[in-house]
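A.B. asks: I would like to see how this sequence folds:
(2 chains)
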There are 2 protein chains.
Amino acid sequence: MDTKTKQTTQVGRSMPRLEAQAKVTGRAEYIHHLKLPGMLYGKIFRSTVAHGRIRSIDVSAARALEGVHSVFTGQDVLALVPEPYFGPAFLDQPVLALEKVRYVGEAVAVVLATDPHVAERAVQLIEAEYDELPAVFDEVEAMTSDAVVHEVLKPSGTFPDLKHLVGRKDTNIALDYHLKHGDAGKAFAEADHVFEHTFKTQQVMHTPLEPMVSAAEPGNQRITIHTASQSPSFVRLEIARLLGWQENQVRVKVAHLGGGFGAKLYIKLEALVAVLALMVRRPVKISLTMEEQFYTITKHPTTFRIKSGVTRDGRIVARRCDVYWNGGAYADIGPRVTQKSGFTAAGPYDIENVDIESYALYTNRPPAGALRGFGIPQLVWAYESHTDIIARELGIDPLEMRRMNILKEGRPQATGTLMRGAEIELVLERTAARMNWDQPFERGTGTIRRGRGIAIGFKAVVAPTTSTALVTVAADGSCILSMSTVDMGQGSDTAMAQIVAEIMEIPTEQVRVMNPDTDVTPYDMATLGSRSTYHMGNAVRLAAEDARARLRALAKEAGLPDDFDGPAREIFIKRYGMQAGTVVGFGSFIPSYTPPDKKDGSSKNVTPFWMVGATGVELEVDTETGHVKIDRMINVVDCGNPLNPGIVETQLSGAAIMQLGFTLYEKMELDAGQVTNASFADYKIPGFHDIPLAFENEMVDSYQPGAPFGAKGVGESATFGVSPAIANAIHDAIGVRLTELPMTPEGIYRALRAQQNNPLEDF
Amino acid sequence: MDTKTKQTTQVGRSMPRLEAQAKVTGRAEYIHHLKLPGMLYGKIFRSTVAHGRIRSIDVSAARALEGVHSVFTGQDVLALVPEPYFGPAFLDQPVLALEKVRYVGEAVAVVLATDPHVAERAVQLIEAEYDELPAVFDEVEAMTSDAVVHEVLKPSGTFPDLKHLVGRKDTNIALDYHLKHGDAGKAFAEADHVFEHTFKTQQVMHTPLEPMVSAAEPGNQRITIHTASQSPSFVRLEIARLLGWQENQVRVKVAHLGGGFGAKLYIKLEALVAVLALMVRRPVKISLTMEEQFYTITKHPTTFRIKSGVTRDGRIVARRCDVYWNGGAYADIGPRVTQKSGFTAAGPYDIENVDIESYALYTNRPPAGALRGFGIPQLVWAYESHTDIIARELGIDPLEMRRMNILKEGRPQATGTLMRGAEIELVLERTAARMNWDQPFERGTGTIRRGRGIAIGFKAVVAPTTSTALVTVAADGSCILSMSTVDMGQGSDTAMAQIVAEIMEIPTEQVRVMNPDTDVTPYDMATLGSRSTYHMGNAVRLAAEDARARLRALAKEAGLPDDFDGPAREIFIKRYGMQAGTVVGFGSFIPSYTPPDKKDGSSKNVTPFWMVGATGVELEVDTETGHVKIDRMINVVDCGNPLNPGIVETQLSGAAIMQLGFTLYEKMELDAGQVTNASFADYKIPGFHDIPLAFENEMVDSYQPGAPFGAKGVGESATFGVSPAIANAIHDAIGVRLTELPMTPEGIYRALRAQQNNPLEDF
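C.D. replies: Got it, this is the predicted structure:
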């Protein structure tokens, strides 16, 4: 396929989202609206201790409350599911706690009632006693702590490359990932300068404004799960595995999502509602509160020790990265984050000698998973702060420092995979150009100081993963696209419809996109990690091409000329003598991929494409309060050839603002494992007033080879540079280097006060 | 495909129906159960005159009734749909009556309310005034009557071969069909004997025990119609056409059906609920009562004048058939019945010279459509009674008479199409053998007389029609079959699943069949006329073969050997490194077909297959009461190689019992167009006590070429011979020849009394 040269009419249109009207008129379906006949509502009783053996659970008072239908504990689950553990990477998480609890907030029991308020009151009547065990909360301490969260590691069968971990004991290291490129030890010894810094990120939450919700509807030898999920195909597989059923006995239906950001991946409430519904033989629904989401899935806190060997003129010759990912009590997808993000920990730089050690750790915190960036923002935070410090120390302009070391097209990344189709240089240069980096910058002299900063990051896509799609052409030529990609606000329905429309030569408005429904929409790995545009986009392209080929075959059967290019309707009428019939095209896509070498982690082909994003920031710091005001933010990305530039723009803005929250405001505060600010009253996410005054996005001119119409993922790229660009700008403004997120006014103020040896006047 | 020689494991299994458990446990979905948020119930105000111009409709009192949401008439419909006429063959039927009413019971207005009882009360408050017009009720009178039901004929665009009828005026002849084979005029002149008889059938109703029900749910630029329909694809097309929408904006979902028999074809309530829902912007549901079904769709009353020229030794050399089909006020599929059944009116006999005239007529009766047999039972009733009379008159054994004239393999039927794959002789011989026809039969001498009769009929399938199907293979090898064939009790879900299972080499229990849903299950012409096994069966076969080919391609990509025949799951795991992925196969089938010659109606290939069915009956007649008791009934059919013999048996029994009702009991009594017995209290359908004491079915050894695993349709074949076999047996018992259906005790008794010249003693 060489679509590059062809003029497109549907691809590249900044058309509004197909579902926009349904959403603004309140007609869009959400699982929260769903009511099923005879449905019971579940409310969860949660652990109050971070680590402990369950001594007893007294549910008698709850059961006795009028209006309560039933109360279940982990022991009850065993009657239906003898091995009630789930998880994408490790089968470590019980449907309800069994024997032990591993974090404050873990689900221990569930009350069912026709009135959710009754269920909630009954939850207050449950009493559990625990024999407390020593707990560990810090990822570095977890490496060696005697407090062991899981006695034995239980990797799932889903990822065969994790099989070697099965049965490992007495460790919190769920996964250790190692990459060796060149000879870092030797290079450090020979380097002119060696710099080493440690950076930390905090635990935060995805805060989808639609909290998690799932309902299960038992049928005749089958079950239907209605869920706000980013991964319906996985839910089907995992529920079928848990129940010992066939896949086609489990139906997973997804409506619109009010945000996901990685929170709604894999199994969250689905196993619980499925088991409950089968036990009571009635539909069961559980909706979380915003507070409960803090106890369900979060973003990994990290400690990143980064060390670079540098020549006196600024060439980085060696880098060692030690990354500790705090995965909380259950692995979720953490081990994959550790691996798949781990290998880019040295940054988008051309460094001959690299050592990377990346550890997924169990602790007694709420579980951590993927959150918009799949670990990359934590890494970029560290390596781009580090880069800036080195530049400052060597007296090199930070932009020049990056230009000097940047990975150029065709050069090998740390895994050995050659950089192809990643416009790293262009992204950097466009960011610099838009910031007028070569122009003098007024930093101010009074209370308010101004600074600017830049940062660039890159990301591979999780590989190899599979997407499949169906394109159905009705006899009037209108199309239905059936795919399991979940549109959670990112506009995938519209972008994919544009691909169908382009290939079928109809307006995009004539394409309808089915909501994911595993009985109907074929397999997709999941909607995560900016994989959909490339993977599902290719599957959709193949499905549409298959449908087009079948239409052409029909035209031939109908005796139409080979070069017939009239509308589909004419083909059907000619073939069938009336408006009748259908053709359906199927597409299945998996990119080529080379698994990493088991010894040194090298791979010739570690990712089907690279994402690149840079952020430039101009800001003010109030030195009397530590308050930061972002005057201007510029996000520049390589997203290939955008399918719908208007939607891509909103993706860039959304990603950058989300990361801004993680940079300046958000942090889950824990006290003995208890989140003390699990509410929007105490946990601040960005509001309209926090958005930078000047806010710019740019997609650089690019065309991703092998991608559908040259387009690739974009949902995360504008998160990469935000935190370090702000840190670098703060340093530029007031000479203070912050190494922990979030950078709060209080933190900035304290750091400023502590900086005795570098008074503002001299900076 | 030569599947004939291969031993099958799934095809040919008499397994229970897949949905049996759901049905007997009450878990099966029906549209009657459906409740949608905000739903309004509609009740219909109907015409009390058979033919009239609407002078006024006063809905004010109905509107004023507390709890009434709204009231609509035909005029209101015009605001949304300027041309609100629908129909499969003719666009003659308005959504609600406009200007004229054409039969008693026609829908004139609708009341909507949240409480259906309120709506029903409000309907009583509506008053309409009509200027009555002369009405016509009899099909023969309608040929020449001055009472013209439709001023102008309006064939739909759906069947291009009806286009020549557009604009015909001042006639009740909706369609006239003519077939000429040989030179009948000459042959009659030369024949030793000429026999002519006229036979009549009555108007009856399908009486599905689940009355018609449809609901419409307006969405955002789309509409979902939940309906108990046999033709979801047609409903989608027709509603889209009425609204001027794209097909993919209309979604039609069908749950289980509580019987159909042709009543639930095309548009019944669907247009009405769709229009109402769009006008009120809320879901609207209409469920008919059993009584209202009598005013919705029925079976054609017919008059059949049949004339045969016969040699003295019993060879039929000429036959002329004049068939008049009473289609009622709206054509529905009547014109197709007239044509497609018309060409077999001369029966399964090898007659050199045939003239057939077949007329579809409008009258002021409730509309008539297809009912289990698509007109064939009406024809067989006549030609097999006629055959028996001739045999008796010539002193030839009725079986011998048939043997002498039967159409043999390879001989041309009246259209010129050669008989292929129709086991007519074998069916006749097996019926005779099971009846021990060559043995003496004890007729009795007292009050109770015994007789036996035999009759055989055949049927083409409506052609050409299209079916399509999808087979989805999950990563564990379990399959989903998506097709729009409606399982209304005939077992199609199970039979089609057996085809998938056979090809995919899995147990049928691992196949799930989706309910029809036009967003999901691809186009199918309709579930009618015993077409599904052959047409959809072939589409399903092709879809499964496509899925299997895609699986094999996947196996090849995975590096598995060419002859790998392990389970699908192993292919997926090998290809994707885990249980992941899907393949979807698509199949589309339309048989080859030669349209009839416009001049003489001849065709070399008028049907993809023939259905053959014979019935043998032994009965008693109580000469004091006219009461008939069937002692033994034998139904023998050629259904090809049965996919599921157990289900085929139930189909044969069901068909024969249904036809037994039409033969002995059922008749819609009309008084000035008003049905006077529109209730089960007055309209008797067969009960358990009416089932013959000995009831036998046989499928002759057969394999239909070109059919999936040699199987063809069977839902109608056991209806063919029932009525004439009973009439022939009554004649055999008491020497009375009845020529009108039903043959009631009263009718038999009266005929017996009238038969002065042929006293019982001498017979």
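A.B. asks: how about the residues of the stretch 351-500 of chain A near chain B?
C.D. replies: A:Pro464, A:Thr466, A:Thr468, A:Leu470, A:Thr472, A:Ala474, A:Ala475, A:Asp476, A:Ser478, A:Cys479, A:Ile480, A:Ser482 (CB under 8 Å from any CB of the partner chain). Where you see a C-beta, it was placed from the backbone N, CA and C, and this is true even at glycine.
A.B. asks: is it true that the fifth one lies in a helix?
C.D. replies: What that stands for is A:Thr472. No - per DSSP: H, G, I helix; E, B strand; the rest coil, A:Thr472 lies outside any helix segment and is strand.
A.B. asks: Can you tell me the closest non-neighbouring residue to it?
C.D. replies: A:Ile480 (4.4 Å; CB to CB, 6 or more residues apart in numbering or on different chains).
A.B. asks: before we move on, the earlier item: any chance of the residues of the stretch 351-500 of chain A next to chain B in TSV, plus pLDDT?
C.D. replies: Listed next are these as TSV, based on pLDDT from 0 to 100:
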residue	pLDDT
A:Pro464	91
A:Thr466	97
A:Thr468	98
A:Leu470	98
A:Thr472	98
A:Ala474	97
A:Ala475	96
A:Asp476	96
A:Ser478	97
A:Cys479	98
A:Ile480	98
A:Ser482	98
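A.B. asks: Nearest to B:Ile356 among those?
C.D. replies: A:Ala475 (33.0 Å; CB to CB).
A.B. asks: And what about the residue of the stretch 301-450 of chain A found nearest chain B, helix, strand or coil?
C.D. replies: Closest residue of the stretch 301-450 of chain A to chain B, CB to the nearest CB: A:Arg336 (12.4 Å). With three-state DSSP as the basis, A:Arg336 sits in helix.
A.B. asks: For the nearest residue to it once chain neighbours are set aside, the count of nearby residues, please.
C.D. replies: Sequence neighbours aside, A:Ala89 is the residue nearest to A:Arg336 in space, at 5.9 Å (criterion: CB to CB, 6+ apart). The local packing of A:Ala89 (other CB atoms under 10 Å in any protein chain shown) involves 28 other residues.
A.B. asks: which SSE is A:Arg552 in?
C.D. replies: helix A:532-557 (DSSP states H and E).
A.B. asks: what number of residues lie near A:Gly395?
C.D. replies: 7.
A.B. asks: contacting residues around it?
C.D. replies: Not one residue lies near A:Gly395 by CB atoms under 8 Å, 6 or more residues apart in numbering or on different chains.
A.B. asks: Now do the end-to-end distance for stretch A:524-536.
C.D. replies: 8 Å (CA to CA, to the nearest Å).
A.B. asks: try stretch A:30-41
C.D. replies: Start-to-end span of stretch A:30-41 (CA to CA) is 17 Å.
A.B. asks: Let me know the average pLDDT across it.
C.D. replies: Mean pLDDT, stretch A:30-41: 95.
A.B. asks: Buried residues, that stretch. List them.
C.D. replies: A:Ile31, A:Leu34, A:Leu36, A:Met39, A:Leu40, A:Tyr41 (16 or more other CB atoms under 10 Å in any protein chain shown).
A.B. asks: same thing with stretch A:435-447?
C.D. replies: Under 16+ other CB under 10 Å, the buried positions of stretch A:435-447 are A:Met435, A:Trp437.
A.B. asks: So how do I select the buried members of the residues of the stretch 351-500 of chain A next to chain B in PyMOL?
C.D. replies: The buried residues among those can be selected in PyMOL (16+ other CB under 10 Å) with this line:
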select buried, chain A and resi 464+466+468+470+472+474+475+476+478+479+480+482
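A.B. asks: Report how many residues lie close to the closest residue to A:Asn353 other than its chain neighbours.
C.D. replies: Closest residue to A:Asn353 apart from its sequence neighbours, by CB to CB, 6+ apart: A:Gly182 at 3.4 Å. For A:Gly182, the neighbour count with other CB under 10 Å is 16.
A.B. asks: A:Gly182: what's it in contact with?
C.D. replies: By CB under 8 Å, 6+ apart, the neighbours of A:Gly182 are A:Ala318, A:Ile351, A:Glu352, A:Asn353, A:Val354.
A.B. asks: Now it. Its backbone dihedrals?
C.D. replies: phi 70, psi -150 (degrees, to the nearest 10).
A.B. asks: Run through the residues of the stretch 201-350 of chain A sitting next to chain B.
C.D. replies: Residues of the stretch 201-350 of chain A lying near chain B (CB under 8 Å from any CB): A:Gly219, A:Asn220, A:Gln221, A:Arg222, A:Ser233, A:Arg236, A:Leu237, A:Ala240, A:Gln246, A:Glu247, A:Asn248, A:Gln249.
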